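[1] Model the structure of this input:
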Amino acid sequence: EVFFTILAERRKVSLTIDADRLTFGPAEDVTVMATIGNLGATNLEAPATYWAVRVILDGKEYARQPKFIGDWNGPGRIIPNGTYQGGITLTEYGIEPATLEPGKHKLSLQLGDKKSNELTFHIQDPAQAAALLKTHLAEIAAIKSGVTREVLLKAFQPEGGLSTRARRRYAYRANPKIKVDVTFAEVGMPEEKLRESPQDKVLTISEPILELPISDNLTAAGSKREQKLSITIAAATDRIVPQSGDIELTITLRNLQTEKVSLPWVYGNTRVVFDGKDIGRMGFTIDRGPAELDSRQEFRTTQTLALGELTPGAHKVALQVGDDVSNTLIVDVGWSETVEGLKARLSVETKEVVEGAAKMSVHLELQSASETREITELHLDLQDIKFAVVDGKGKAVARPQVIDYGGRVAGPWTVRLAPGKSQRVDITSWGLSIRPNLAAVLDLGATFAWEFGPEQSGPYYLQARLEITKDSKQPAAWSGIIDLPKSKLPLPLKRIR
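    I've put the predicted structure just below:
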């Protein structure tokens, strides 16, 4: 335990907790999901780091019990800029459900000197829990044969384990300990035996079953579920910076079960988790390989993950097969090419409504990609940036011929960046007068101002060129030309009232 704590204190980490629900029954074990991020430049030992986490409940600190330290089925390391997610169950820290009084409790985690956010959860009193369970069972009984899978999923979420399109076990969203087994009549897509359709019809639904969840996505799952597949995803670097939304991934699968696993089943049930949300199936291009994976057998394949148009910034990507989740990669998009040790990107968002029009805010993010240890210094003025707004076909969107302009123009700025560091600069100006009946405005100074009416829903994109000439008075300052990739404008569909 001492070793684990010292190890955590030497590493730079982030630590957060969340939960799908924050209300628990009087005899129910409380479990939350911890996310540990590696902010350092070297790998972290995943088991030692996870076991070093301490629980702070209502102001009192608890260490993980020795009997829950030992066996490990997860990834062996947390790569730089990567994350590990695992369940934190209070009984594993010596906190039995019977010791928790009804009412509110505050929970956070500690790893070395890093403390997580704080959650407040609620323990029901026995009478309240009994009444709520009665309500849940009544709601479940109301779901009858003939409803669509889409309707069923409003009250239930898929439970772990093998399944087919025609048969699956589901957990009740409001109380994941309550399960039902459901069979379906297939509607459309007759060639698909694994891919589910939201229009499939319920044939039978079993009586409610009470058991602990086994899915990593369900709060009560904790770390007690036995892992079935080891999934590792890798790219050329641990932090991917693609020019588009397509990423080449090397996926390594290892069967941890004693039974064989069907690879077509794996292909059909691999989901993409993007920024913490399930966005759909991976969409494998089937290559040559075994039809099944024997126990402990490993299989590696390279696939293209098409994420489409992404908002500039850093995004988290992982894969999930059934209940097993891979490591997380960081996909950092929107950057320009590196010029003289500097790269840049634009981001556009809406933060304020003025006179019924959404005022878009624009940030220029600069990052030093210098291979030396020297500080990159940049003297920037808004006049150094030439902007354009284009439509989806690349055609320029005209600026208004006449505007009323008379306010603050952003800049100038002096930016100093250490190697590998970045800084965001708000380059939005505030001089454009808002005319009536506009849906949105983009103000980047009197020369570059755009107005958008309610009928202009886009898509439209902001692109720019940064051009700073060499200054003989400051020869060490950065100079060069950077063409900034386009960033989509978050246009509303109608005027905001």
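[2] The stretch 51-200 of the chain: helices as residue ranges?
    126-141, 149-152 (DSSP state H, counting those that start in this stretch).
[3] Now the weakest link among those, please, by mean pLDDT.
    In terms of average pLDDT, helix 126-141 trails the rest of these, at a mean of 80.
[4] what residue ranges in the stretch 101-250 of the chain are flagged as low confidence?
    Within the stretch 101-250 of the chain, the ranges that satisfy pLDDT under 70 run 160-163, 191-195, 210-227, 236-245.
[5] if we can go back for a sec, quick one: the helices of the stretch 51-200 of the chain as JSON lines, columns for distance to residue 41 and mean neighbour count too.
    Every residue, glycine included, has its C-beta placed from N, CA and C. Output for these, formatted as JSON lines (distance: least, Cβ to Cβ, whole Å; neighbours: other Cβ atoms under 10 Å):
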{"stretch": "helix 126-141", "distance to residue 41": "48", "mean neighbour count": "14"}
{"stretch": "helix 149-152", "distance to residue 41": "46", "mean neighbour count": "16"}
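[6] Dump those to CSV, plus distance to residue 61.
    Listed next are these as CSV, based on distance: least, Cβ to Cβ, whole Å:
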stretch, distance to residue 61
helix 126-141, 28
helix 149-152, 43
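[7] Out of the ones you listed, the one nearest residue 112 is which?
    helix 126-141 (37.0 Å; Cβ to Cβ).
[8] Please enumerate residues in contact with the closest one?
    Under the contact criterion Cβ atoms under 8 Å, 6 or more residues apart in numbering, helix 126-141 has outside partners 25-26, 102, 124, 155, 172, 174-175, 178, 180, 208.
[9] And the furthest pair within these?
    Within the contacts of helix 126-141, 102 and 180 form the most distant pair, 28.6 Å apart (Cβ to Cβ).
[10] related to what we said a few turns ago, got a ChimeraX select line for the buried ones in the contacts of helix 126-141?
    Applying 16 or more other Cβ atoms under 10 Å to the contacts of helix 126-141, the buried members can be selected in ChimeraX as follows:
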select :25,26,124,155,172,175,178,180,208
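[11] Out of the contacts of helix 126-141, flag the one nearest to residue 295.
    Nearest to residue 295 among those: residue 180, at 30.8 Å, using Cβ to Cβ.
[12] What segments of the stretch 351-497 of the chain are strands?
    In the stretch 351-497 of the chain, the strands defined using DSSP state E, counting those that start in this stretch lie at 357-368, 376-380, 385-391, 405-408, 413-417, 422-426, 430-432, 440-443, 449-452, 460-468, 480-488.
[13] Then the stretch 151-300 of the chain?
    For the stretch 151-300 of the chain, the strands defined by DSSP E, counting those that start in this stretch occupy 156-158, 167-172, 175-185, 201-205, 209-210, 229-234, 239-240, 246-255, 261-262, 270-274, 277-281, 292-293, 298-306.
[14] hang on, the earlier thing: can you put the contacts of helix 126-141 in a markdown table and add distance to residue 336?
    Below are the contacts of helix 126-141 laid out as a markdown table (distance: Cβ to Cβ, whole Å):
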| residue | distance to residue 336 |
| --- | --- |
| 25 | 54 |
| 26 | 57 |
| 102 | 56 |
| 124 | 54 |
| 155 | 47 |
| 172 | 49 |
| 174 | 47 |
| 175 | 50 |
| 178 | 52 |
| 180 | 52 |
| 208 | 56 |
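[15] Which member of the contacts of helix 126-141 is positioned nearest residue 456?
    Closest to residue 456, out of all of the contacts of helix 126-141 and judged by Cβ to Cβ, is residue 155, at 39.8 Å.
[16] can you tell me which of the contacts of helix 126-141 lies nearest to residue 402?
    Checking these against residue 402 by Cβ to Cβ gives residue 155 as the nearest, at 56.0 Å.
[17] now the closest one: how far from residue 449?
    Distance, residue 155 to residue 449, using Cβ to Cβ, to the nearest Å: 49 Å.
[18] Kindly report the same for residue 400.
    7 Å.
[19] higher neighbour count, the two?
    In this view residue 400 and residue 449 are compared by other Cβ atoms under 10 Å, and residue 449 has more residues nearby, 18 against 12.
[20] Hmm, the more buried one is touching residue 440, no?
    No: between residue 449 and residue 440 there is no contact under Cβ atoms under 8 Å: 11.8 Å.
[21] ok so, going back, could you redo the strands of the stretch 351-497 of the chain as CSV and give each row mean pLDDT?
    Shown next, in CSV, are the strands of the stretch 351-497 of the chain (pLDDT from 0 to 100):
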stretch, mean pLDDT
strand 357-368, 91
strand 376-380, 89
strand 385-391, 95
strand 405-408, 84
strand 413-417, 91
strand 422-426, 90
strand 430-432, 90
strand 440-443, 92
strand 449-452, 93
strand 460-468, 94
strand 480-488, 92
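[22] Tell me which of the ones you listed lies nearest to residue 290.
    Residue 290 lies closest to strand 480-488 among the strands of the stretch 351-497 of the chain, at 40.9 Å (Cβ to Cβ).
[23] just the angle between that closest one and strand 357-368, please?
    Interaxial angle of strand 480-488 relative to strand 357-368 (axes from the mean of the first three to the mean of the last three Cα atoms, to 10 degrees): 140 degrees.
[24] May I have the strands that pair with strand 480-488, each with its orientation?
    Here strand 480-488 has these sheet partners by DSSP bridges: strand 460-468 (antiparallel).
[25] can you redo the strands of the stretch 151-300 of the chain as TSV with distance to residue 318?
    Compiled in TSV, the strands of the stretch 151-300 of the chain are given as follows (distance: least, Cβ to Cβ, whole Å):
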stretch	distance to residue 318
strand 156-158	17
strand 167-172	21
strand 175-185	21
strand 201-205	31
strand 209-210	29
strand 229-234	7
strand 239-240	13
strand 246-255	11
strand 261-262	19
strand 270-274	4
strand 277-281	10
strand 292-293	20
strand 298-306	11
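[26] what residues are up against residue 151?
    For residue 151, the contact set (Cβ under 8 Å, 6+ apart) comprises residue 143.
[27] 10 Å instead?
    By Cβ atoms under 10 Å, 6 or more residues apart in numbering, the contact set of residue 151 is 143, 198, 201-202.
[28] Neighbour-wise, which one of the residues you listed leads?
    For those, neighbours tallied by other Cβ under 10 Å; top is residue 202, 19 neighbours.
[29] Quick check, that one in contact with residue 152.
    Yes: applying Cβ atoms under 10 Å as the test, residue 202 and residue 152 come out as touching, 6.1 Å apart.
[30] Need the residues touching each of the two.
    Here residue 202 and residue 152 share the contacting residues 143, 180, 182, 184, scored by Cβ under 10 Å, 6+ apart.
[31] from the contacts of residue 151, which two are the most distant?
    Spanning the widest gap among these are 143 and 198, at 15.2 Å by Cβ to Cβ.
[32] hang on, the earlier thing: redo the shared contacts of residue 202 and residue 152 as JSON lines? Include distance to residue 360.
    JSON lines is the format used below for the shared contacts of residue 202 and residue 152 (distance: Cβ to Cβ, whole Å):
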{"residue": "143", "distance to residue 360": "44"}
{"residue": "180", "distance to residue 360": "47"}
{"residue": "182", "distance to residue 360": "46"}
{"residue": "184", "distance to residue 360": "45"}
